[in-house]
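Student: Build me a model:
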Amino acid sequence: MNKLEAQLIQLGYDYKEVARGVYLIPDFLSDSEVSQVKDCINGASEEDWTTHYMQGVKDLAERKYGRTDIDNLVEEGLIEITTHWIDKNLGLSYDISGPISERIQEVIAFDEDIAFDGIGTIQRQYKDAPLIEHVDNHSDPMIEYAVIMYINDDYKDGELFFGRLGLEIVPPAKSLIIFPSGEDYLHGVKPPGDGPLRYVLPSFVRKRKVEY
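Tutor: Next up, the predicted model:
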């Protein structure tokens, strides 16, 4: 049993290890929290969806390099922009995310050298828009764990998959999935089909000490 699993047990969570090191906690979000996120989605304009991603890119550039000249950083190969995901991210207010973030911080409190950096983004994924396989700490070496919460599960296809672990899953609405970063956890999301969009709250646990 690893420290994360021991912490989940100590906190009394009903969880399942769906693949080695990949833990799913059903009903981590309340109905009220899901409803608040959906209200945020329904009240957003398309412009809201297109500006949040690039702000995140600028924040990462500032954190890593102390610069925000994104075009130059891209040309130098220091920053990568996933162009087909620019319109798929929406900001989430702290009024909604704060209580959720506090619960996640409790989950990862087994290690004082890591910290949850909060939930700032709602991510949408629509028909024929895959999330290609990737390793989270390639873009940000500080990342130790990925944390994904699921707002809905009524979309068609759109499975989260881990090729090296042989896992393909559509987590239930209100659930949380947490897994380590690293090469063993190469993962992606298949494109949804016709029908409802896929909505999640993606976030990360990072090292407290900067190691860029």
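Student: CA only for contacts and neighbour counts going forward, please
Tutor: Noted.
Student: Can you name the helix or strand that residue 123 falls in?
Tutor: strand 121-125 (DSSP states H and E).
Student: other SSEs contacting the next helix-or-strand element following that strand?
Tutor: Counting by DSSP H and E, the next helix or strand C-terminal to strand 121-125 is strand 131-134. Under the contact criterion of 3 or more Cα pairs under 8 Å, 6 or more residues apart in numbering; DSSP states H and E, strand 131-134 touches strand 187-189.
Student: The strand it packs on: what's the following helix or strand?
Tutor: Heading C-terminal from strand 187-189 (DSSP H and E), you reach strand 198-207.
Student: one step back: what is the strand holding residue 123 packed up against?
Tutor: Partner elements for strand 121-125 (3+ Cα pairs under 8 Å, 6+ apart): strand 89-91, strand 198-207.
Student: got a list of contacts for whichever helix or strand comes after the shortest one?
Tutor: Stepping forward along the backbone from strand 89-91, the first helix or strand reached (DSSP H and E) is helix 94-107. Counting by Cα atoms under 8 Å, 6 or more residues apart in numbering, the neighbours of helix 94-107 from elsewhere in the structure are 4, 7-8, 11, 29, 33, 36-37, 115-116, 118-120.
Student: what about this protein, any weak spots by pLDDT?
Tutor: 82-85, 210-212 (pLDDT under 70).
Student: make it 50
Tutor: 212 (pLDDT under 50).
Student: Identify the residues contacting residue 193.
Tutor: Contact partners of residue 193, counting by Cα under 8 Å, 6+ apart, are 126-128, 155-158.
Student: nope, residue 48 is what I was after
Tutor: Contacts of residue 48 (Cα under 8 Å, 6+ apart): 90-91.
Student: What of residue 93?
Tutor: When contacts are counted by Cα under 8 Å, 6+ apart, residue 93 touches residue 120.
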